[in-house]
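Participant: Turn this into a structure:
(2 chains)
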Amino acid sequence: MTTTTTSTTQTGLDLSTHRRTPPARLTLYAALTAGIVATLAPFAWMFLGSVKPTGEIVAHPSTWLPQSPTLANFEQLLSKQNFELYFLNSTLVALACVAGNLLFCSMAGYAFAKIEFLGKRFLFGLVLTMLIIPGVTTFVPLFVLVSNMGLSNTYLGLILPFLVTPLGVFLMRQFIRDIPDSLVEAARLDGAGEARIFLRVILPLCRPSLATLAILTFLAQWNNFLWPLVISQTEEHYTLPVALALFSVGANSTNYGLLLAGAVTVVTPIILLFLALQKHFIQGIANTGIK
Amino acid sequence: MYGLAHPHHDVLKKRSRIHQVERDWTTMFTSKIAKTLVGGLTAALVLTGCGRTDAKQGQTDKGPPIDTSRASGDITVWAMGTEGELLPKLAARFEKANPEAKVRVTAVPWQDYGKKVETAIASGDTPDATLVGTADLAAFATTGGLEQVPPKLVDDSIFYRGAVKSTAFEGATYGVPWYVETRSLFYRKDMARAAGVSAPKTWDEYRPFLKALQRQGAKWGLSLPTGAAQSWQSVLPFMWQAGARLVNKDGGKFTFDTPEALKGLQFYRSFIASKTTSPNGPMSLGEIEPKFVAGSTAALISGPWEQGLLKSAGGQSFVDDKVGVAPLPTGPKSNTSYIGGGHWAVFKDAKNREGAWKFIRWMARPDSQKAWYDLSGDLPAVQSAWTEGKLATDASMAVFRAQLKTAQPGPNTTTWKQVTAEMDAEIEKVAKGVSSPESALRRLQAKASTIGTGNRR
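Facilitator: All right, here's what the predicted structure looks like:
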């Protein structure tokens, strides 16, 4: 990345600014194409498989294109009781967690990055510790805690433990640290309070990393299986992954048609979200950590 | 928190200026923070350790007996998978007979249901009753979260013996059998007919039969798992058929180091050595059916659910014309198969234990069992429920029925799951020819002895 006269907020992969000999470029494109095919093939298989009858999905040898396309898998999925509710639950939980993370992680990140206070290093050390401790070790205690608060089988119980995450705090702190202190000081000199600085100066500058955090949080919650499974005592609070497991995975067999149709239903919103936030997302990843 | 760990890793990988972050970390670790980090970690580990102190250990007391009056109140139950989706239909009949009772069923996925049950027990936040896979009952009972079956609730002798065997743990009974399943030999009837052979009755006839099917064009005679999870369920029966017992009489010690167990494992190995069975057996569910339909694998060992799978892979006519079901061939000692299925258990923290036990007692009645078979296709655990309809007349049902009479569960110890993981690993080594059956069993015995049976005797 030698001749980056373009803005440093570009992706860092701006090929047009690189002088490359044609063979090298050819190799690069061949490698990239191979990478893309390898990445997209499972998705193609999933989408194509979702419109095949089960016999055809497991057929041996298998074919890529459906021989007798059918929507039966989707019909079966949608005919399951409460399917809309599970979809709604997933959306609600994921969006609430995204909102919580955007707000609280950036607040904490701002404090860790720009404000001096007693015990800051210790507290930040605790945040990093939380990153290191594997979730499985705290799973049962966390459940007991939430259950003792009377929150099992409630939406709050589904959302509360994930409203703020150590990774989010870390991410936001790294990003905000790179915002020049002079900006904050200027605002302070102009008489702005911390809340105003945070809302008017810091947050607008954080858009790329907020987009990254939004996608990561949404993804994590949208795919979360174990917590919603354990915390929901009745089916009304199931999210999509739990419902899908219920419908398609038996004690001794798996309904692959239903599973693939479910996977398509689950993945599509994520793909749409990613496409919508793609620009910010890539910027966010490239930028965190740059001074 | 749990799901985020992985994307975080990706972000770091993708980050183009990763060295920046590294420097960041380095400065932090050289500072005081390293110390606080260690301190914090220790504190956190201690805190998480505390979470388990309220998990109860040991045997629970027997509750008072259950009277014969009608059930009343809300009865909350968990049932897994299809069983959970269909149970409300059966419960409606119970409610008709017990108008003051209301059964509230929550359908729970089979996937990771054990974690759900265990966390519920740890917090005391449980429903009244739950369906439990037969192999998991001992592990749940040992947490102290399940109530013992009240005296004289149901007569044990009405069930298949193998099913009752897996309800008892350390001399106490924690579950009531509901449905059962066992494994028999599925083979290509059409190929056998063309080869002029009939299903094998003994170990001696086993391989010649499969070889005859292979001469009809099948690449492999019999499909056996070769190390995938749960391989032990297919290999253990060979040991039983040779006369092996895998725990000693008082249940205190595993006994894999017997000539009988060796004979069973050698027999398993002989299928692979003679190229009757592929050394690369199926790794996941649903893998073998298309090969069986295509005729490249001529036989497999599976349970009653297999007919449904074969129907969706090959159609009803395939099942009718080309699939034969036969009892497992008899070894030196028996033709014992593996028995699985579902039991009902009541939680110690149940709010309506009386209602729950009454519901369970009702589900063990022959007519309820028949009704459940009609709804779900699950085979009744109560023997007298098999007297009419398809259960009594169907040829393949007759095979399963005979097989169920002698079928056995795995040893009922809390550590059995750990032992099976070791067993699957040793089976893989034997299947791939990396290890001889003798040394595999020697290692398995050593590991199983270290793990122990967990029985306090």
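Participant: Pull up the gap between A:Ile159 and B:Lys351, please.
Facilitator: Here the criterion is Cβ to Cβ, to the nearest Å. By it, A:Ile159 lies 27 Å from B:Lys351. Every C-beta, even on glycine, is put in place using the N, C-alpha and C of the backbone.
Participant: Look at those two and report which has more neighbours.
Facilitator: Shown here are A:Ile159 and B:Lys351; by other Cβ atoms under 10 Å in any protein chain shown, A:Ile159 has more neighbours (19 against 14).
Participant: Phi, psi for the more buried one please.
Facilitator: Dihedral angles phi and psi of A:Ile159 (degrees, to the nearest 10) take the values phi -100, psi -50.
Participant: number of nearby residues for the nearest residue to it once chain neighbours are set aside?
Facilitator: Closest residue to A:Ile159 apart from its sequence neighbours, by Cβ to Cβ, 6 or more residues apart in numbering or on different chains: A:Ala96 at 4.7 Å. For A:Ala96, the neighbour count with other Cβ under 10 Å is 18.
Participant: Around chain A, which positions in the stretch 201-350 of chain B sit nearby?
Facilitator: Contact residues (Cβ under 8 Å from any Cβ of the partner chain) of the stretch 201-350 of chain B with chain A: B:285-287, B:289-291, B:294, B:296, B:303, B:305, B:308-309, B:312-315, B:340.
Participant: What separation do you get for B:Lys115 and A:Gly157?
Facilitator: Taken as Cβ to Cβ, the span from B:Lys115 to A:Gly157 is 16 Å.
Participant: Where does B:Ala79 fall, secondary structure wise?
Facilitator: strand B:73-80 (DSSP states H and E).
Participant: Let me know the average pLDDT across the helix or strand that comes right after that strand.
Facilitator: Using DSSP H and E, the helix or strand that follows strand B:73-80 in sequence is helix B:81-97. The average pLDDT for helix B:81-97 rounds to 94.
Participant: Give me the helices and strands touching the strand holding B:Ala79, please.
Facilitator: Identification of packing neighbours for strand B:73-80 by 3 or more Cβ pairs under 8 Å, 6 or more residues apart in numbering or on different chains; DSSP states H and E yields helix B:81-97, strand B:101-108, helix B:113-123, strand B:129-133, helix B:353-363.
Participant: go again using 7 Å as the cut-off
Facilitator: With contacts taken as 3 or more Cβ pairs under 7 Å, 6 or more residues apart in numbering or on different chains; DSSP states H and E, strand B:73-80 sits against strand B:101-108, strand B:129-133, helix B:353-363.
Participant: Out of the helices and strands in chain B, which is least certain?
Facilitator: Ranked by mean pLDDT, DSSP states H and E, the weakest helix or strand in chain B is helix B:5-14, scoring a mean of 36.
Participant: How about chain A?
Facilitator: Result, chain A / mean pLDDT, DSSP H and E: helix A:54-57, a mean of 78.
Participant: Could you chop chain A up by domain?
Facilitator: Split into domains by automatic domain parsing, chain A comes to A:15-75, A:81-287.
Participant: Pick the most buried one from the ones you listed.
Facilitator: Across these, averaging neighbours per residue (mean count of other Cβ atoms under 10 Å in any protein chain shown) puts domain A:81-287 on top, at a mean of 19.
Participant: returning to that earlier point: is chain B within reach of the next helix or strand after the least confident helix or strand of chain A?
Facilitator: Later in the chain than helix A:54-57, the nearest helix or strand by DSSP H and E is helix A:72-79. No: Helix A:72-79 lies out of reach of chain B by Cβ under 7 Å from any Cβ of the partner chain, never closer than 11.3 Å.
Participant: Need phi/psi at the residue nearest to A:Glu56 when sequence neighbours are not counted.
Facilitator: Spatially, and ignoring its direct neighbours in sequence, A:Glu56 is nearest to A:Gln67 (6.0 Å; Cβ to Cβ, 6+ apart). In terms of degrees, to the nearest 10, the main-chain angles of A:Gln67 are phi -80, psi -40.
Participant: I'd like to know how far A:Gln67 sits from B:Gly308.
Facilitator: Taking Cβ to Cβ, one finds A:Gln67 at 22 Å from B:Gly308.
Participant: Also B:Ala398?
Facilitator: Distance, B:Ala398 to B:Gly308, using Cβ to Cβ: 18 Å.
Participant: Also B:Ala371?
Facilitator: Using Cβ to Cβ, one gets 19 Å for the distance from B:Ala371 to B:Gly308.
Participant: Between those two, point out the one with more neighbours.
Facilitator: Per other Cβ under 10 Å, whichever of B:Ala371 and B:Gly308 has more neighbours is B:Ala371, with 17 against 14.
Participant: Checking the closest residue to chain B within the stretch 1-150 of chain A next. Helix, strand or coil?
Facilitator: Nearest residue of the stretch 1-150 of chain A to chain B: A:Pro141, at 2.9 Å (Cβ to the nearest Cβ). Three-state assignment for A:Pro141 (DSSP: H, G, I helix; E, B strand; the rest coil): helix.
Participant: could you dump the helices and strands packed on strand B:73-80 to JSON lines with distance to chain A?
Facilitator: What follows is those, written out as JSON lines (distance: least, Cβ to the nearest Cβ, whole Å):
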{"stretch": "strand B:101-108", "distance to chain A": "5"}
{"stretch": "strand B:129-133", "distance to chain A": "7"}
{"stretch": "helix B:353-363", "distance to chain A": "15"}
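Participant: just the ones you listed: most buried one?
Facilitator: strand B:129-133 (a mean of 25).
Participant: Just send the helices and strands packed on strand B:73-80 back as a markdown table, with mean pLDDT too.
Facilitator: What follows is the helices and strands packed on strand B:73-80, written out as a markdown table (pLDDT from 0 to 100):
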| stretch | mean pLDDT |
| --- | --- |
| strand B:101-108 | 95 |
| strand B:129-133 | 96 |
| helix B:353-363 | 96 |
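Participant: Could you say which one of these comes nearest to B:Ser436?
Facilitator: strand B:129-133 (33.2 Å; Cβ to Cβ).
Participant: Paired strands for the closest one, with orientation please.
Facilitator: Paired neighbours of strand B:129-133 in the sheet (DSSP bridges): strand B:73-80 (parallel), strand B:339-346 (antiparallel).
Participant: what's the helix or strand harbouring A:Phe124 packed up against?
Facilitator: Assigned by DSSP H and E, A:Phe124 belongs to helix A:120-132. If you count contacts as 3+ Cβ pairs under 7 Å, 6+ apart, helix A:120-132 packs onto helix A:166-177, helix B:33-50.
Participant: Can you flag the weakest of those by average pLDDT?
Facilitator: Among those, helix B:33-50 carries the lowest mean pLDDT, at a mean of 45.
Participant: How far does the helix holding A:Phe124 sit from its chain's centre?
Facilitator: Taking the mean of its C-alpha atoms, helix A:120-132 sits 22 Å from the chain's own mean (Cα atoms, centre = their mean, to the nearest Å).
Participant: What of stretch A:250-258?
Facilitator: 27 Å.
Participant: quick revisit: can you tell me the element the residue nearest to A:Ile159 falls in?
Facilitator: In the assignment (DSSP H and E), A:Ala96 maps to helix A:83-114.
Participant: Show me where the stretch 101-250 of chain B has its helices.
Facilitator: Secondary structure of the stretch 101-250 of chain B by DSSP state H, counting those that start in this stretch: the helices cover B:113-123, B:137-141, B:161-165, B:189-195, B:203-215, B:232-241.
Participant: which residues are in contact with the fifth one?
Facilitator: When you say that, I think you mean helix B:203-215. B:187-188, B:191-192, B:195, B:197, B:200, B:221-222, B:267, B:274, B:276, B:298-299, B:329-331 (Cβ atoms under 7 Å, 6 or more residues apart in numbering or on different chains).
Participant: Quick check: mean pLDDT of it?
Facilitator: For helix B:203-215, mean pLDDT is 96.
Participant: List the buried residues for it?
Facilitator: The neighbour-count check on helix B:203-215 (16 or more other Cβ atoms under 10 Å in any protein chain shown) flags B:203, B:206-207, B:209-214 as buried.
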